[in-house]
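> sequence unknown, structure follows:
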């Protein structure tokens, strides 16, 4: 990908993309951030859209980034709501809050990468405290399937922790 091509893509479509994002997000700053991140992803991917589809290509990337933004906002809001009920002396510092939110986002990404049935079984086991038999009944699968699902999720967690620590 040449610098000329990315410059041309930016000049020809940035204003349009920014307006499109502003209309969907209702926020000038978020639109600017997502537009910037869209072009950054294009540059990092080392591929450009075909000549007849640049806006479709940019829109697909921007939509993915908007989904990430909305997920982040949901996770941040849920965390802030949770700590809001703590006594003032137990509320973590802003730095710690940031670290916790980033960790929650990583966990969410890892869980979202799992097949739906694996994620559901894992969350029912770990968050709801259900037995394998209860999960099997709810999911209408065998207990051995639930055991395999939970084991697969635990393996994914372990692999993710290894990647994060290296």
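That came in fine, so what should we check first? From a predicted model like this one, the values you see are computed outputs, not experimental measurements. Numbers count the residues shown, from 1 in each chain.
> the longest helix belonging to the chain: what's the following helix or strand?
Counting by DSSP state H, the longest helix found in the chain is helix 54-84. Toward the C-terminal end, the helix or strand that comes next after helix 54-84 (DSSP states H and E) is helix 94-112.
> after that following helix, heading C-terminal, what element do we hit next?
helix 116-126.
> mean confidence for that next one?
Across helix 116-126, pLDDT averages out at 96.
> picking up where we left off before, got the angle between the longest helix of the chain and helix 94-112?
Between helix 54-84 and helix 94-112, the angle comes out at 120 degrees (axes from the mean of the first three to the mean of the last three C-alpha atoms, to 10 degrees).
> would you map out the domains in the chain?
Residue ranges for the domains of the chain, per automatic domain parsing: 3-80, 113-165.
> pick out the shakiest of the ones you listed, pLDDT-wise.
Across the domains of the chain, domain 3-80 gives the lowest mean pLDDT, at a mean of 90.
> before we move on, the earlier item: could the domains of the chain be laid out in CSV, adding distance to residue 97 and mean neighbour count?
(C-beta placed from N, C-alpha, C; glycine too.) Listed next are these as CSV, based on distance: least, C-beta to C-beta, whole Å; neighbours: other C-beta atoms under 10 Å:
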stretch, distance to residue 97, mean neighbour count
domain 3-80, 7, 14
domain 113-165, 19, 15
